[in-house]
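Engineer: Quick one, what's the 3D model for this:
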Amino acid sequence: MRKIVPILVFIATLSCSKSISQVSTVKKISESAKVNLPYGDKDVLHEFPADWSRGDALQDSLYNKMSFFLFQDKDNPARSTIAINYTEAKTFIAKDFIPSNEIKNGKSKIEIKSAQVFDGKNFKIVSVLYEGKIDCKTCEYPESQTQNVLLSIKDGKVIDKLPVSYLNGSDLGQSARYFYIDSDRIIHLKDFKSDEEGVTFAEYLKYKITPDGKFAKL
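Structural biologist: All right, here's what the predicted structure looks like:
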């Protein structure tokens, strides 16, 4: 029995250390520089048709512009940048993010770029952007993923999260989401699918932020 006690103490120490590290990371993220509302690309409000051909210049132009905003936003010099291990990053990343073997095995870290969106009464809404490669031996072109997730942070903990923008896939096929947060703090999301044949508009979603910092679907 005496031999078990030191082991239990060691496990508790590791758990405590991990918890302190995570709280520290959340604090760093919550103290990022601010972006101003409205935030996102207002072209999201355009009424996209269910399907359109590559020959439709207007739809293609707006779609490409929204995609460009995602990468432009990621490279915003005002964003804070931290690199963390995958086990710790699980708190911040979307559940549909597919980590590469290097990330899962701890050989490389996930680089997160954060910016405050606004303060609530007792919570903060923060945008975190990150990207990664998808392991796919049968893919003709390398697959990648870029995601922007809103985190609601309260008392040093992530209490809710919402993927507001992403671009996942290869040149042969992609899934995408783009967003616009208006001055009333309503979050507008539009989902798309694209392949060699063209682009398909999939869904329009709207969310609001509740007084307790949660994302509620409208």
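Engineer: Can you mark which positions in stretch 111-131 are buried?
Structural biologist: Under the neighbour-count criterion of 16 or more other Cβ atoms under 10 Å, stretch 111-131 has 112-118, 120, 123-131 buried. C-beta: built from backbone N, CA, C; applies to glycine.
Engineer: Please read the previous query as pertaining to stretch 51-66.
Structural biologist: Within stretch 51-66, judged by 16+ other Cβ under 10 Å, the buried ones are 52, 59, 62, 63, 66.
Engineer: Can you classify residue 183 by secondary structure?
Structural biologist: Taken by DSSP: H, G, I helix; E, B strand; the rest coil, the conformation at residue 183 corresponds to coil.
Engineer: The residue nearest to residue 154 when sequence neighbours are not counted and residue 80, how far apart?
Structural biologist: Ranked by Cβ to Cβ, 6 or more residues apart in numbering and with sequence neighbours excluded, the top spatial neighbour of residue 154 is residue 123, at 4.1 Å. Taking Cβ to Cβ, to the nearest Å as the criterion, residue 123 is separated from residue 80 by 18 Å.
Engineer: again, but for residue 50
Structural biologist: In terms of Cβ to Cβ, residue 50 sits 39 Å off from residue 80.
Engineer: Surely residue 203 touches residue 193?
Structural biologist: No. Using Cβ atoms under 8 Å, residue 203 makes no contact with residue 193, being 10.0 Å away.
Engineer: does residue 165 have beta-bridge partners, and which?
Structural biologist: Listed by DSSP bridges, the beta-bridge partners for residue 165 are residue 148.
Engineer: Correct me if wrong: it contacts residue 71.
Structural biologist: No. With contact defined as Cβ under 8 Å, residue 165 does not reach residue 71; the gap is 10.3 Å.
Engineer: In terms of packing, which of those two has more residues around it?
Structural biologist: residue 165 (27 against 12; other Cβ atoms under 10 Å).
Engineer: picking up where we left off before, please tabulate the buried residues of stretch 51-66 in a markdown table and include pLDDT, distance to residue 101 and secondary structure as additional columns.
Structural biologist: Supplementary listing: those in a markdown table, determined by pLDDT from 0 to 100; distance: Cβ to Cβ, whole Å; DSSP: H, G, I helix; E, B strand; the rest coil:
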| residue | pLDDT | distance to residue 101 | secondary structure |
| --- | --- | --- | --- |
| 52 | 80 | 37 | strand |
| 59 | 90 | 37 | helix |
| 62 | 93 | 37 | helix |
| 63 | 92 | 32 | helix |
| 66 | 94 | 31 | helix |
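Engineer: and which of the residues you listed is nearest to residue 36?
Structural biologist: Nearest to residue 36 out of the buried residues of stretch 51-66 is residue 66 (Cβ to Cβ; 18.8 Å).
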